[in-house]
Structure formats: structure tokens, C-alpha cells
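Engineer: here's a sequence, model it:
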Amino acid sequence: MTVHAEDSTGQTNAVTSQAVAGKAKAKADKKIQTSNRTHASKHKRPGKARTAANLGPAYATRPAVMRFADELAARQSLNPQWVRRAIGQATFVPAVVRLMQPPTQPFVKNWAAYRSRFIDATRIDAGVQFWKDNQATLARAEKTYGVPSEIIVGIVGVESIYGRNTGNFRVIDALTTLAFDFPASHPRAAERAAFFKGELEQFLSLQSRMGVDPMLPLGSYAGAMGMPQFLPSSWARFAVDFDGDNKIDLWNSPADVIGSVANYFKAFDWKPGMPTHYPVSFDTAKLDLDALMVPDILPTFSVASFTAKGAVLEGPALEQQGPLALVELLNGPDPASYVAGTENFYAITRYNWSSYYAMAVIELGQAVSKALNK
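Structural biologist: Predicted structure coming up:
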């Protein structure tokens, strides 16, 4: 699944990629992603939770929701009263519904404008400090998982500005609202509501196992949490205890964050040593742009078939062994930008199904590395 969107703070949030792995198309409208937390009282709070004035009624008054709570408890072997109390105390959040509404006006994609929101002095400076503070851990993650430090640093910077902006919605409220009141105007409302029911189930299962009060964690309007903005399902699959303290803390343990992001990419077939993309130009005499764009960002073409359709590669790109995709980045009224994306470019889009997001991650990581090594 995966949709790309931006929240009201300007940060991105990602929908878990596992529901879309293997699909070829990579264009959509909103973004979410995955995680959980350890002992909530120790976690940084990016801001106050939404106040009662911003909230609707509690879900305990909805019989269908309480039936779901009982079914969830049975499926996960949880205390039914604990589950009923947790979901019943969750409150409807109108802002969450508003943020999930499809756009009312046509959206003009503009890579230059998008890039400027993430490749800025604030993120670069914070990224340099994050890299300096965690240099040995980043190197260990690269050795363990094969994922470069630049990519990990880019992800954490784009997602939360290295922990500065991890969201101020109560996760139980956000997930319950999206599970039972997902906006009907959305073209995939039923599918999205079912997805968030699954995330709510994962969230409560994780909180119960860890003995954490489910009313405490804060996250994005989509329930994404911590520095890497993980949703509960991705937490369950990819989060790792990389600092060895027998718990996973994606709020306050940079080591756990670094290891978990690297593990995520390894799970989505990151190829150690492979570039993410190459420059590309076109031979207009034989260019078949429509054919090159059919697979979207799914790497499909060999170097030979890529160039036969009018794409021009140079240098190391001509030695690329894996498949390539033509990645198009629109620039509003100006000419589009293009790169030849590899399997590693595609792997980044499994975190957020957007080529613009992937390029922002790549270029932020490069900018931080350059600033670090001045």
C-alpha cells in the first residue's frame, strides 16, 4: 500500500511498505510508516498531546468497536477488559480525519520545492551532530546490515529531524480514529480502515507484552512513532535491540533507531555496494519515453534494453548488473528531472512509496556527509 502525504508540520509520515512490496506502481497520495516504544514515561515528548477541546467522544460508546475489542483480545490472547478499556478510552480526533482527506484541488508535483523542505541547514546541521554522536554505531550497522550511514542518516533526518519532531497525537486515538472513522471520501476508505484496524491490533499487542500503558505513546496523525516513524506492524517485524540493553526504544536510543532502520532495508533486499541511482540523459532520435515509464520506479530494464529505448548512460552506469528504472521527478511548470534508479533506489521507496521521498533521503544523507567531512 503506500501513499504519500505531508502532515501539518511539514514532516512526512510513511505507510508501512510491507503491504505493497512487490507492486510495480509507486504513485499515490499519503504516507505513513511503523514503530512502538518501550517504557513510555522515559520517552521524549515532542509536544503536548491533543487537548480535550480537540477531541470527540470516547469509543466506549460504540458497540461495534467494543465487539472488535473482544475479538482482538481473543485473537491475541489478551485480557479482554484491558483491551476494552484501552480502545474504549480512545477518543475520536477530527484533525486526524481532516489530515487523511484526499486533496480537494489538483496537486502539482515539484521536486525542487519538495527538496527545499528537507535539504536545509536545520536538518544538515542536526544530521552532522547525529552522525558525530553515533559514528561507531552507524559503522557497525553498515557492517552488520550492509546499509550505508548516509542512507540511515537521511531517513532519520527526513522522518523526524533526528527526533525533534516525532508527533503529538496520542497513538491510541489516531489509530482508533483511522480504524473506525477513516474518511469515506477517500477512494480506498475500506482498505485503509482495515489496514489501521490491523495496526491498532499490533499496537495493543506490543504494549501489552511490554507492560506499557497504551494511553501514553505519542506519534504522528497516522500512528507512526519515534525517530524513524515506525508503525506497530513494522516495529514487530523490523525493530531491533541494537544497543543490547534488552529493550527496544525508538525514541531515545539512537543505536536502536540506527539498527532498526538498517534492518528494515536489509529485509527489503538492500544490495550492499550498489549505488541508488545514476545520471541519465536521452537520445531524442530513438527515445521511447512511454515505454521507459510503464514500469514506473520498479527496476525492470537491463542496461541494454534501457539504452535501446533512448536512455543514455555513462561511466559506471554502463557496468550496472541489476535492473534499472527511469525515475521521473516533476518540477511544476519547469522540465522534469530524471535519474536511472537501481534496486536500492526502489528499496528506499519501500519505506515511503514516493520517488521524491527517496531522492530527499539520498540527497540529505549526501549533504550531511559532505558537511561532516569539510
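
Engineer: for the strand or helix carrying L175, packing partners?
Structural biologist: If you go by DSSP states H and E, L175 is part of helix 171-180. Here helix 171-180 touches helix 63-76, helix 80-89, helix 94-100, helix 189-210, strand 218-219, going by 3 or more C-beta pairs under 8 Å, 6 or more residues apart in numbering; DSSP states H and E. C-beta: built from backbone N, CA, C; applies to glycine.

Engineer: okay, the angle between the longest one and helix 80-89?
Structural biologist: Between the axis of helix 189-210 and that of helix 80-89 there is an angle of 130 degrees, by axes from the mean of the first three to the mean of the last three C-alpha atoms, to 10 degrees.

Engineer: re earlier: averaged pLDDT, the helix holding L175. What do you get?
Structural biologist: For helix 171-180, mean pLDDT is 98.

Engineer: over to stretch 215-231?
Structural biologist: 97.

Engineer: which parts of it are buried?
Structural biologist: Using 16 or more other C-beta atoms under 10 Å as the test for burial, stretch 215-231 gives 215-231.

Engineer: returning to what we had before: distance between the helix holding L175 and the chain's centre?
Structural biologist: The chain centroid and the centroid of helix 171-180 are separated by 18 Å under C-alpha atoms, centre = their mean, to the nearest Å.

Engineer: other residues contacting that helix?
Structural biologist: 50, 55, 59, 62, 64-65, 68, 86-87, 89-93, 96-97, 100, 192-193, 196-197, 199-200, 203, 214-215, 217-223, 225, 232 (C-beta atoms under 8 Å, 6 or more residues apart in numbering).

Engineer: weed out the non-buried ones from those residues.
Structural biologist: 50, 55, 59, 62, 65, 68, 86-87, 89-93, 96-97, 100, 192-193, 196-197, 199-200, 203, 214-215, 217-223, 225, 232.

Engineer: and the strands in this structure?
Structural biologist: Under the criterion DSSP state E, the chain contains strands at 169-170, 218-219, 277-279, 281-282, 311-312, 325-331, 334-341.

Engineer: may I have the residues that are in contact with M359?
Structural biologist: Applying C-beta under 8 Å, 6+ apart, the residues contacting M359 are W111, R115, V327, L329, V339.

Engineer: what's the distance between it and G211?
Structural biologist: From M359 across to G211, the span is 41 Å (C-beta to C-beta, to the nearest Å).

Engineer: next one: F203
Structural biologist: 14 Å.

Engineer: in a markdown table, list the contacts of M359 along with neighbour count and pLDDT.
Structural biologist: Converted to a markdown table, the contacts of M359 look like this (neighbours: other C-beta atoms under 10 Å; pLDDT from 0 to 100):
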| residue | neighbour count | pLDDT |
| --- | --- | --- |
| W111 | 19 | 97 |
| R115 | 18 | 97 |
| V327 | 27 | 98 |
| L329 | 18 | 98 |
| V339 | 21 | 98 |
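
Engineer: so where's this protein uncertain?
Structural biologist: 1-56 (pLDDT under 70).

Engineer: chain neighbours aside, what residue packs nearest to G273?
Structural biologist: In this structure, G273 finds its nearest non-sequential neighbour in G146, 7.7 Å apart by C-beta to C-beta, 6 or more residues apart in numbering.

Engineer: I'd say that neighbour and W270 touch.
Structural biologist: Yes. Counting by C-beta atoms under 8 Å, G146 does reach W270; the two are 6.0 Å apart.

Engineer: who's more crowded, these two?
Structural biologist: The neighbour comparison of G146 against W270 (other C-beta atoms under 10 Å) goes to W270, with 22 against 15.

Engineer: show me the contacts for that one.
Structural biologist: Y145, G146, V147, N344, A347.

Engineer: which ones among these lie within helices?
Structural biologist: Under the assignment DSSP state H, these contribute Y145, N344, A347 to helices.

Engineer: and these, which are buried?
Structural biologist: Here, 16+ other C-beta under 10 Å leaves Y145, N344, A347 buried among the ones in helices among the contacts of W270.

Engineer: please report how far the first one lies from N263.
Structural biologist: So the one you mean is Y145. Counting by C-beta to C-beta, the gap from Y145 to N263 is 6 Å.

Engineer: number of residues surrounding P323?
Structural biologist: Applying other C-beta under 10 Å, we find 18 residues neighbouring P323.

Engineer: quick one: it and A304 touch, right?
Structural biologist: No. Using C-beta under 8 Å as the test, P323 is too far from A304 to be in contact (11.1 Å).

Engineer: returning to that earlier point: tell me how far the residue nearest to G273 lies from V83.
Structural biologist: For G146 relative to V83 (C-beta to C-beta), the value is 39 Å.

Engineer: what does M215 give?
Structural biologist: Taking C-beta to C-beta, one finds M215 at 13 Å from V83.

Engineer: domain boundaries for the protein, per the record?
Structural biologist: 17-56+91-267, 277-341 (automatic domain parsing).

Engineer: most packed of those?
Structural biologist: With neighbours taken as mean count of other C-beta atoms under 10 Å, the domains of the chain reach their highest mean count in domain 17-56+91-267, at a mean of 20.

Engineer: can you give me how far that domain is from the chain middle?
Structural biologist: On C-alpha atoms, centre = their mean, the centre of domain 17-56+91-267 falls 6 Å from the chain's centre.

Engineer: what do you get for stretch 318-333?
Structural biologist: For stretch 318-333, the distance to the chain centre is 21 Å (C-alpha atoms, centre = their mean).

Engineer: contacts for it?
Structural biologist: Taking C-beta under 8 Å, 6+ apart as the rule, stretch 318-333 contacts 108-113, 271, 274, 277-278, 280, 289, 292-293, 295-303, 306, 311, 313, 336-343, 345-346, 355-356, 359.
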